[in-house]
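Peer 1: Could you work out the structure for the sequence below:
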Amino acid sequence: MNIDLGIEALSPQLTGIGRYTLELMRGLQVHADIGSLRTMYQNREIGDTIRLLQGEKPFSRYQNNKLYTVLMKTRAHLRPRLSLYHGPNFMLPSGIEGGIITVHDMSVLKFPETHPP
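Peer 2: Got it, this is the predicted structure:
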């Protein structure tokens, strides 16, 4: 099985979701049933996840260019999806029509005022 893993929660100050994502990534990297694992940040593949943990920006200034982002998203839609996307932080990125999410708690339903929109 091929998996794309959303790693937006990785940062120098790991939260519970960040720690979960890091440990999940480490476990999937060595799991025998995983053919490939791509780490995804803002719907783009990132190879060096350590940069996120050190507080560095994941993409160069050139890659943060709006036109570059639009072109890469367009290119991603042209490729057949051969992997399962896992969003460990409650959601899937735009453009992903199916996948798996992890919901860590339901406080957003009971206390919506304590969560950002």
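
Peer 1: Do I have it right that residue 36 meets residue 83?
Peer 2: Yes: using CB atoms under 8 Å, residue 36 makes contact with residue 83 at a distance of 7.2 Å. Quick note: C-beta positions are derived from backbone N, CA and C, even for glycine.

Peer 1: Identify the contacts common to the two.
Peer 2: Counting by CB atoms under 8 Å, 6 or more residues apart in numbering, the contacts common to residue 36 and residue 83 are 2, 3.

Peer 1: Which residue ranges of the protein form helices?
Peer 2: Assigned by DSSP state H, the chain shows helices spanning 16-30, 50-53, 66-78, 107-110.

Peer 1: Flag whichever of those helices has the least confidence on average.
Peer 2: When mean pLDDT is averaged over each of those, helix 66-78 scores lowest at a mean of 57.

Peer 1: rewinding a little: residue 36 and residue 83 - which one has more neighbours?
Peer 2: Per other CB atoms under 10 Å, whichever of residue 36 and residue 83 has more neighbours is residue 83, with 17 against 11.

Peer 1: doesn't residue 38 make contact with the more buried one?
Peer 2: Yes: between residue 83 and residue 38 there is a contact at 6.7 Å, judged by CB under 8 Å.

Peer 1: Return every residue with contacts to both of those two.
Peer 2: When contacts are counted by CB under 8 Å, 6+ apart, the set common to residue 83 and residue 38 consists of 2, 3, 4.

Peer 1: Mind listing the residues bridging to the second one?
Peer 2: Which is residue 3. Beta-bridge partners of residue 3, counted by DSSP bridges, are residue 37, residue 84.

Peer 1: For it, give its distance to residue 23.
Peer 2: 15 Å (CB to CB, to the nearest Å).

Peer 1: who's more crowded, those two?
Peer 2: Neighbours were counted for residue 3 and for residue 23 using other CB under 10 Å; residue 3 has more, 22 against 11.

Peer 1: Provide a list of residues in contact with that one.
Peer 2: Residues in contact with residue 3, defined by CB under 8 Å, 6+ apart, are 28, 34, 36, 37, 38, 83, 84, 85, 86.
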